[in-house]
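Colleague: give me a model of this one.
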Amino acid sequence: MSKIAVARSSFLAAIGLTAFKLVVGLTTGSLGIISEAIHSGLDLVAAFITLVAVRVADKEPDREHQFGHGKFENLSALMETMLLVITCVWIIYEAIHRLSTGRLEIEVNLWSFVVIVVAIIVDFSRSRALSRAAREFHSQALEADALHFSSDIFSSLVVLVGLVCYTLDIKIADSIASIIVAMIVLGVSWRLGQRSVSVLVDRAPEGVTQKIEQLLHSYADVEKVENIRVRSAGPDIIIEMTIESNPMLSFEASHRLSDRIEQNIQDAIPRSHVHVHMEPSGHDSSGHAQETSLGA
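Modeller: Here you go, the predicted structure:
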């Protein structure tokens with residue numbers, strides 16, 4: 001199944017869950033279910049953003065976007081994070097308000113439990129499908145959607161426990177459950193936000209530079225590596241570097257070495273785009289970024 005097909009099915013699932021939860025939540029007055037409905041509503045918005053993002057990210061590079069459109073996926077993940085944080089603030093405020101004013105009465109019926117159980121089943125199915133697609137396509141947008149649905153599973157379980165406690169005459173359980181839901185979502189949002197911002201500000205992916213240096217140690221004709229630059233753009237990793245090679249190599253041999261290094265890095269690091277600038281050792285280079293001496 002393609003990225004777009006997976007994103008579209010998640011969008012449709014979010015529509016159904018949001019409508020179901022909202023109707024039951026408003027009917028029963030349960031803040032826990034209403035908070036779940038709003039959570040799913042933001043999942044609906046997030047799923048739509050993801051659907052648009054994966055469509056745009058798959059476009060080929062053009063004159064305005066010469067490194068491709070991959071960062072649209074990272075931007076969509078950041079937008080999802082912001083939406084989740086806004087929702088969590090509202091849920092926590094409303095729950096504290098109900099606890100402080102004593103307005104804790106809700107109606108718990110069969111539909112209260114049915115909607116939560118159905119939500120858990122759908123969220124589990126979508127989370128697994130999105131996680132598989134995210135790994136297959138190296139998509140942060142799909143991974144963000146998968147985290148949304150997986151967090152919904154835990155938050156729905158919390159609401160379910162809250163409803164059970166309410167039927168046992170523990171009135172504060174529903175409001176407390178909604179606060180726990182919000183805290184769970186905030187934790188997920190923090191992780192998503194960190195990763196999205198890291199890509200958008202061109203932070204080097206963790207461990208990639210070290211992996212490149214280890215690969216280059218196996219080449220006897222590579223004497224020094226300068227200016228290793230690594231950044232992510234959606235599912236792709238863009239790598240640039242300058243290598244000082246054995247000055248005795250001919251131009252043709254240096255070119256073959258450069259091609260071989262680029263291919264080996266691409267094989268070792270999926271979805272990587274590698275550019276190697278080769279210079280003979282001792283050449284006066286003006287690069288001042290990262291320099292790694294590999295020695296003999």
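
Colleague: just the strands in the stretch 101-250 of the chain please.
Modeller: For the stretch 101-250 of the chain, the strands defined by DSSP state E, counting those that start in this stretch occupy 222-233, 236-245.

Colleague: okay if I get those strands as a markdown table plus mean neighbour count and mean pLDDT?
Modeller: Bear in mind the C-beta positions are built from the backbone N, C-alpha and C, glycine included. Output for the strands of the stretch 101-250 of the chain, formatted as a markdown table (neighbours: other C-beta atoms under 10 Å; pLDDT from 0 to 100):
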| stretch | mean neighbour count | mean pLDDT |
| --- | --- | --- |
| strand 222-233 | 20 | 82 |
| strand 236-245 | 21 | 86 |
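
Colleague: distance to residue 144 added to those, as TSV?
Modeller: Converted to TSV, the strands of the stretch 101-250 of the chain look like this (distance: least, C-beta to C-beta, whole Å):
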stretch	distance to residue 144
strand 222-233	14
strand 236-245	17
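
Colleague: where does the stretch 101-250 of the chain have low pLDDT?
Modeller: Residues of the stretch 101-250 of the chain meeting the criterion pLDDT under 70: 103-107, 140, 201-202, 234-235.

Colleague: just the helices in the stretch 101-250 of the chain please.
Modeller: Under the criterion DSSP state H, counting those that start in this stretch, helices of the stretch 101-250 of the chain are mapped to 110-137, 140-167, 173-200, 208-216.

Colleague: show me the protein divided up by domain.
Modeller: Residue ranges for the domains of the chain, per automatic domain parsing: 3-200, 208-293.

Colleague: tell me if I'm right that residue 35 and residue 178 touch.
Modeller: Yes - between residue 35 and residue 178 there is a contact at 4.3 Å, judged by C-beta atoms under 8 Å.

Colleague: common neighbours of the two, please.
Modeller: Taking C-beta atoms under 8 Å, 6 or more residues apart in numbering as the criterion, residue 35 and residue 178 both touch 91, 94-95, 159.

Colleague: adding secondary structure, neighbour count and distance to residue 246, write those out as JSON lines.
Modeller: Output for the shared contacts of residue 35 and residue 178, formatted as JSON lines (DSSP: H, G, I helix; E, B strand; the rest coil; neighbours: other C-beta atoms under 10 Å; distance: C-beta to C-beta, whole Å):
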{"residue": "91", "secondary structure": "helix", "neighbour count": "25", "distance to residue 246": "63"}
{"residue": "94", "secondary structure": "helix", "neighbour count": "18", "distance to residue 246": "69"}
{"residue": "95", "secondary structure": "helix", "neighbour count": "23", "distance to residue 246": "68"}
{"residue": "159", "secondary structure": "helix", "neighbour count": "32", "distance to residue 246": "66"}
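
Colleague: show me which of those residues is closest to residue 5.
Modeller: Residue 5 lies nearest to residue 159 out of the shared contacts of residue 35 and residue 178, by C-beta to C-beta, at 30.2 Å.

Colleague: how about the closest one, what does it touch?
Modeller: Taking C-beta under 8 Å, 6+ apart, one finds 30, 32-33, 35-36, 116, 174, 177-178, 181 in contact with residue 159.

Colleague: 10 Å instead, please
Modeller: Shown in contact with residue 159 (C-beta atoms under 10 Å, 6 or more residues apart in numbering): 21, 25, 30-36, 39, 112-113, 115-116, 119-120, 173-174, 177-178, 180-181.

Colleague: how distant is the helix or strand where residue 23 lies from the center of its chain?
Modeller: Using DSSP states H and E, residue 23 sits within helix 3-28. Centroid separation for helix 3-28 versus its chain: 20 Å, with C-alpha atoms, centre = their mean, to the nearest Å.

Colleague: next one: stretch 153-168 to chain centre, how far?
Modeller: Using C-alpha atoms, centre = their mean, the offset of stretch 153-168 from its chain centre is 28 Å.

Colleague: just the C-alpha atoms of it, please, in PDB.
Modeller: C-alpha atoms of stretch 153-168 as PDB (Å, rounded to 0.1, in the frame of the first residue of the first chain):
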ATOM      1  CA  ILE A 153      -5.100   3.600  22.600                       C
ATOM      2  CA  PHE A 154      -3.600   4.400  26.000                       C
ATOM      3  CA  SER A 155      -5.700   7.500  26.500                       C
ATOM      4  CA  SER A 156      -8.900   5.500  25.600                       C
ATOM      5  CA  LEU A 157      -7.900   2.900  28.200                       C
ATOM      6  CA  VAL A 158      -7.600   5.600  30.800                       C
ATOM      7  CA  VAL A 159     -11.000   6.900  29.900                       C
ATOM      8  CA  LEU A 160     -12.400   3.400  30.100                       C
ATOM      9  CA  VAL A 161     -11.000   3.000  33.600                       C
ATOM     10  CA  GLY A 162     -12.500   6.400  34.500                       C
ATOM     11  CA  LEU A 163     -15.900   5.300  33.300                       C
ATOM     12  CA  VAL A 164     -15.800   2.100  35.300                       C
ATOM     13  CA  CYS A 165     -14.700   4.000  38.400                       C
ATOM     14  CA  TYR A 166     -17.600   6.400  37.900                       C
ATOM     15  CA  THR A 167     -20.100   3.600  37.900                       C
ATOM     16  CA  LEU A 168     -18.700   2.600  41.200                       C
END
